[in-house]
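[1] no sequence for this one, just the structure:
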């Protein structure tokens, strides 16, 4: 089982079970999980996303039929601990320059477009790789909670 690709439904079930206040929603035609307890904000703050097809500005992963890419926004510390420096923001329609083959399955790597924002991506993660991602998910969740609280605080000050 460990070398089988973990399904999107399994990732969602794990996240909803372990991270209170996370909800599933669709954004730009993609499934996403947001931290948004009691739906206090229109969308909440991103926790993770699933990309199931290439798009005009994001085709570096070469996502084929039946494939998906798991994307997670991690902290700068977690990102630099794993990859070194944060890459520069790419030009519109470009990818971050990290030397990674973004079409390589089951590898934790910088997100091809949003790596500069400390997002990671895993094309067709296996159960085994998902075990390695779980601590990163916890950090991503904590980061989403902090950003949510900041946004709620700003709304109350207005």
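    Right, received. Where do you want to start? The structure displayed is predicted, hence computed values, not measured ones. Numbering: from 1, shown residues only.
[2] could I get the full set of strands for the chain?
    Assigned by DSSP state E, the chain shows strands spanning 22-27, 30-35, 45-51, 69-73, 109-110, 119-123.
[3] how far is the top helix by length along the chain from where the chain is centred?
    Longest helix in the chain, counting residues (DSSP state H): helix 127-157. Here helix 127-157 is found 10 Å from its chain centre; the criterion is CA atoms, centre = their mean, to the nearest Å.
[4] which secondary structure elements does that helix contact?
    Packing partners of helix 127-157 (3 or more CB pairs under 8 Å, 6 or more residues apart in numbering; DSSP states H and E): helix 8-18, strand 30-35, strand 45-51, strand 69-73, strand 119-123. No exception for glycine: its C-beta is placed from N, CA and C like everyone else's.
[5] quick one: these as CSV, columns for mean neighbour count and distance to residue 137 too.
    Below are the helices and strands packed on helix 127-157 laid out as CSV (neighbours: other CB atoms under 10 Å; distance: least, CB to CB, whole Å):
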stretch, mean neighbour count, distance to residue 137
helix 8-18, 14, 7
strand 30-35, 21, 10
strand 45-51, 22, 7
strand 69-73, 24, 6
strand 119-123, 24, 10
